[in-house]
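[1] A predicted structure for the sequence below; I have some questions about it.
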Amino acid sequence: MANISPQQIAITGLAYTLAAAVGPDTIINNDGANVFLHVKNTDAASRTLTFDDTGSAAPAGASAFNADVAVVVPNGTERMIGPFPISRFTESVVITYSAVTNVTVAAIRL
């Protein structure tokens with residue numbers, strides 16, 4: 001598991017750094033309304049990223065509740081995913097991957 005610290009966008013620009021996905025990874029989400037994940041998939045196969053919804057409680061009377069978010073990143077593409085509201089994802093967004101080969105990620109804060 002790797003912690004992914006968000007890189008801050010500035011008016012002067014951000015030359016962000018992508019890092020290899022390890023899985024599961026955790027985004028440090030102190031300011032969820034402004035944090036996004038940039039995912040780049042250079043593999044020949046699609047990848048599915050699942051974001052653990054740890055902040056949502058089960059509705060009254062429900063025995064189970066799973067509102068995790070799954071995002072497919074097709075082969076050879078990039079995606080910006082987010083934001084991650086703290087009320088839903090807490091201060092640590094846990095990400096699992098269908099596979100990590102040829103997947104790089106960067107957390108970016110507005």
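    Okay, I see it.
[2] mind listing what's buried along the lowest-mean-pLDDT helix or strand in the chain?
    Using mean pLDDT, DSSP states H and E, the weakest-scoring helix or strand in the chain turns out to be helix 86-89, at a mean of 82. Buried residues in helix 86-89, counting neighbours by 16 or more other C-beta atoms under 10 Å, are found at 86, 88, 89. C-beta: built from backbone N, CA, C; applies to glycine.
[3] now swap in stretch 29-45 and tell me
    29, 32, 34, 35, 36, 37, 38, 39, 40, 41, 43.
[4] tabulate those residues (TSV), appending secondary structure.
    Formatted as TSV, the buried residues of stretch 29-45 follow (DSSP: H, G, I helix; E, B strand; the rest coil):
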residue	secondary structure
29	coil
32	helix
34	helix
35	strand
36	strand
37	strand
38	strand
39	strand
40	strand
41	strand
43	coil
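[5] what residue ranges in the chain are flagged as low confidence?
    Within the chain, the stretches with pLDDT under 70 are 32, 55-66.
[6] many thanks, have a good one.
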